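Visitor: generate a structure from the sequence data that follows.
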Amino acid sequence: MTTRIRKVAVLGAGVMGSGIAAHLANSGVLALLLDIVPPKAGPGEDTSSKAFRNKFVLGALANLRKQKPSPIVSEQVFASLEVGNLEDDIARIAECDWVIEVVKEDLAVKQALFEKVEKHLRKDAIVSSNTSGLSIAGMLQGRGADFRKRFLVTHFFNPVRYMKLLELVAGPETDADAVKTIHAFGEGVLGKGIVYGKDTTNFIANRIGVYGMMRTIAEMQKAELTVEEVDKIFGPAMGRPKSAVFRTADIVGLDTFTHVAKNCFDTLTQDEERQTFAAPDFLQKMVEKGMLGDKSGSGFYKKGKGGGGDKEILALDLKTLDYRPQNKVRYESLGAAKDVEDVRERVATVMKGQDKAAKFAERVTLDVLAYSSRRIPEIADDIVNIDRGVRWGFGWDVGPFETWDAYGVKAGVERMKELGLKPAAWVEQMLASGRESFYGVQDGRDTYWDIPSKSVKPVPESARIAKVEYLKRGNKKIDGNGSATLWDMGDGVTLLEFHSKMNSIDDDIIAMMGTALDETEKNHLGLVVGNDGANFSAGANIFAMLWAARNGEFDTLRKMSAAFQAANQRMRYSPVPVVTAPFNLTLGGGAEAAMGGNAIQAAAELYMGLVEVGVGLIPGGGGTMQLLRNVYGTYSADKDFDPFPFIKKVFLAVGTAKVATSAEEAREFGFLNANDGISANRDFQLHDAKQRVLGMAKAGFRAPRPTRFRLPGPSGFATIDMMLYDMSLNNQISAHDRKIAQKLARVLTGGDTSPSVLLTEERLLELELEAFLSLCGEEKTQDRLQFMLEKGKPLRN
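Guide: Predicted coordinates for the structure are as follows:
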């Protein structure tokens, strides 16, 4: 059995198949994407040509380039994608370590394809199906013993790049080594969260998630709630995605959603809640009318001409199937939960409220919790796999049993009985044994109630998972203040955690950067900068900046910006290695802090950029110099290189507030260097960053030499300003936009210098600080800062 997967064949180039192939390529794995030869030729098509025979796959690649959000992390991934068709190229699966079938959900079609695959499959290769509804026994009819040993279900979720869940389902004859190989590859290379399901209809996530959606629809009609009211209740207030229930259905497609529900209804004849999966009349009518959601332009919502104009989002009236403007949704329970940061506490706040929304949320949620408890061991062996499946597959912040813990297990059982709901017997047995929650903490690690053994067991997880939460439990705090904390990660490595609101950079964070380096340089091998939050850092605290600017406190602004520049420079040139671990939003000051270290260990999903022009500024913490150093640094002192192409790249990145949409793209923009690392799995990132620090320290780390720059000075500035003049004449930019861009251009071209002079990093930082402060004093910049605070979007003035 293969233990290292280098190349994968994906059979079927539909939305799921092409998405899987794209994500394999995202992860640096070679992917061979095959589909059928088109059954019919169009006018003038040459049926013998590769263009015709590979038409479906080539069309799928074209669609990958158009899809939003993008399924690819960089245009470069297409170099790892090979294409073909299932007639001419099926023998090429012999080149592959893993073959994934992703054709339509038709048993006869799958059986016929597996018959072909078996003839060409390499003896040590693994083969799997992405089915969500067909049984393993049915798919394997006619296959040999060796094929059966290497076969399992690998159920990805769409969109593949962004959805964390990968459900693995082994057959009765599947070799354990095949499952272990796919688990390790899925978790470590593809960045997925692995869940183990049983060979039952729709496995775990869709079984529970679709039940919850269908139960919500049934109960809302009794409660006389509207589409937008339900989505407001079952959105972030209940720890769910903003898309909630009906917006999620529109995104998935109502035809797909009803197909999954029908599959449950048709096959789950022994399910006591089978009737819940029967689509109500209005849902059937919507599908018949082609109201399929986003793919058709109308579903439960659509853009239309209400009082708010063409862009207003209208909601569907389920009684008439006509669209109408959305009503404002206000409930006391939702208002009370709005400012509760802890998601478990927030969910409990809503469910224990007394208004209509709270009663509805409580009824539906407790129904889903009771149903989930009754599905063990039918669909999974334990609560952990169910919770992970629903969290990672449906985007819930907390799974069913985590939600139950938040409400209170005993209170939940009592309330269920009042509502006529029936929890599984094992829940009451657990309570009778003295255990009052499904999850707990023991010796710093998460535990769960194991039903078969009626005992507490550790939650299974990879040794590569590292969290600040574990350091807190282990009392590993070294120092801290209101916005940042320094932790001891062990093995001689410290961790600096930001924890201000949105992890925005403020005075406390800057001060703790210095404290972290003082401590680490004295007593440790190296430092990691990272956190467990939703984002690495959304930038500087613009409220504090605006207050200082409006009140003429420019000395305060100067000190803060100079201190942040100095802190970033100190990280760069510390005698111990500093590795930063950016992920998700890493903007403005967050990007500057990330670039301040000696190396970056980025999460694959990284949205990084110097976006200060959006509030009328340029970077003030060293970002212009850092990005120029990254892009131009290798050649910056060499007389044989023209600096202008490098300056132009940085000018456009900062001047247009470019935000990289992946770690790979961040590398292309220059935010990451060629040697910086990328962790596919966000859960592994802090561990990986720690290992990078240890590797650097043990390999004899030496701080880099400061960069010196040959820059063009006034002549380079004049070139850029001519471009800006043309743009202002054509009304592409405002007068203030031009002023900001001029300030940026002056910094990047080196101010009053010439190519014969080698400028230091310190001189560029001085120029940046001067430009930053002068823009803070501009009334139009202050207006932009205020607009961003009030509206959450840039002002063009």
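Visitor: the residue most distant from the middle of this protein, which is it?
Guide: Going by Cα atoms, centre = their mean, the residue of the chain most distant from its centre is Ser756, 46.4 Å out.
Visitor: if I look at that residue, how far off is Arg746?
Guide: To Arg746, Ser756 is 19 Å away according to Cβ to Cβ, to the nearest Å. Bear in mind the C-beta positions are built from the backbone N, C-alpha and C, glycine included.
Visitor: could you do Ser734 as well?
Guide: Distance from Ser734 to Arg746, by Cβ to Cβ: 19 Å.
Visitor: more neighbours, these two?
Guide: Neighbour totals were compared for Ser734 and Arg746, and Arg746 leads with 22 against 14 (other Cβ atoms under 10 Å).
Visitor: touching the strand or helix carrying that one from outside, list them.
Guide: Following DSSP states H and E, one finds Arg746 within helix 735-748. Residues outside helix 735-748 that contact it (Cβ atoms under 8 Å, 6 or more residues apart in numbering) are 613, 616-618, 624-625, 628, 647, 650-651, 654-655, 711, 716-717, 720-721, 724-725, 727-728, 733, 764, 767-768, 771, 774-775, 778, 780-781, 796-797.
Visitor: ok, then the element right after it?
Guide: Immediately after helix 735-748, counting by DSSP H and E, sits strand 759-760.
Visitor: tell me the buried residues in stretch 413-425?
Guide: Residues of stretch 413-425 classed as buried by neighbour count (16 or more other Cβ atoms under 10 Å): 413, 415-416, 421, 423-424.
Visitor: as TSV, these with distance to Arg375 would be great.
Guide: Below are the buried residues of stretch 413-425 laid out as TSV (distance: Cβ to Cβ, whole Å):
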residue	distance to Arg375
Val413	17
Arg415	20
Met416	15
Leu421	14
Pro423	12
Ala424	8
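Visitor: tell me the one of those residues nearest Thr47?
Guide: Comparing those against Thr47 with Cβ to Cβ picks out Ala424 as the nearest, at 58.1 Å.
Visitor: contacting residues for the closest one?
Guide: By Cβ under 8 Å, 6+ apart, Ala424 lies in contact with 370, 373-374, 376.
Visitor: could you rerun that using 10 Å?
Guide: Counting by Cβ atoms under 10 Å, 6 or more residues apart in numbering, Ala424 touches 370-376, 430, 451.
Visitor: of those residues, closest to Ile678?
Guide: Using Cβ to Cβ, the shortest approach to Ile678 within those belongs to Ser372, at 35.3 Å.
Visitor: got a pLDDT number for the closest one?
Guide: Predicted confidence (pLDDT) at Ser372: the value is 98.
Visitor: how close does it get to Phe360?
Guide: Distance from Ser372 to Phe360, by Cβ to Cβ: 19 Å.
Visitor: what's across from Leu81 in the sheet?
Guide: Ala31 (DSSP bridges).
Visitor: contacts only, for it.
Guide: 10, 18, 21-22, 24-25, 30-33, 57, 60-61, 64, 72.
Visitor: of those - the most surrounded one?
Guide: Of the contacts of Leu81, with other Cβ under 10 Å as the count, Ala21 tops at 34 neighbours.
Visitor: tell me if that residue really is in a strand.
Guide: No: counting by DSSP: H, G, I helix; E, B strand; the rest coil, Ala21 is not part of a strand but helix.
Visitor: that one is in contact with Gly12, isn't it?
Guide: Yes: assessed by Cβ atoms under 10 Å, Ala21 is found in contact with Gly12 at 9.4 Å.
Visitor: backbone dihedrals for Gly440, please?
Guide: Per-residue torsions, Gly440: phi -160, psi -170 (degrees, to the nearest 10).
Visitor: before we move on, the earlier item: could you tell me which of the contacts of helix 735-748 belong to helices?
Guide: Per DSSP state H, helices hold the following members of the contacts of helix 735-748: 624-625, 628, 647, 650-651, 654-655, 716-717, 720-721, 724-725, 727-728, 764, 767-768, 771, 774-775, 780-781.
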